[in-house]
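1. This is a predicted model, with the sequence first.
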Amino acid sequence: DEAAAAERARREAERLADEVGDAAKRLADEASRAAAAEARQKELEEQAARLSAQGESLRDEILALDAEFEESTRQLTEQNKEELERRQDELRQTLSEREASRV
């Protein structure tokens, strides 16, 4: 009877050891998945930071292009105004000369 009890105790100890081994394997697998998830999260955060920086850079570039466009538009408007004034002066001069030649 003592031998049977010892055998039951040995089997129970083996079963418990197997359960502990299985639990340790599941825990190791879970830790591995958690580490992979943390690494992926870090990658995504770094990617988000890069995209944010790129967005800022693009916004700055757009603002610079907008300012350049505004300046170019202002210069063209000024040039067109000067050209119009020059042509008006030429027309006035031509009209003055024609009137002077009629007299």
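-> Happy to help now that I have it. What you see is a predicted model; the values in this text were computed from it and never measured.

2. And the helices in this protein?
-> 2-102 (DSSP state H).

3. What's the separation between the residue sitting nearest the centre point of it and Glu45?
-> Against the mean C-alpha coordinate of the chain, by Cα atoms, centre = their mean, the closest residue is Leu51 at 2.0 Å. Using Cβ to Cβ, to the nearest Å, we find Leu51 at a distance of 11 Å from Glu45. (Glycine included, C-beta is placed from N, CA and C.)

4. same check, this time on Leu95
-> 74 Å.

5. Likewise for Ala24?
-> 31 Å.

6. How about Arg86?
-> From Arg86 over to Glu45 (counting by Cβ to Cβ), the distance is 61 Å.

7. Check Lys25 too.
-> 30 Å.

8. Ok, Ile62 next?
-> Between Ile62 and Glu45 the computed distance is 26 Å (Cβ to Cβ).

9. Sweet, I'm off.
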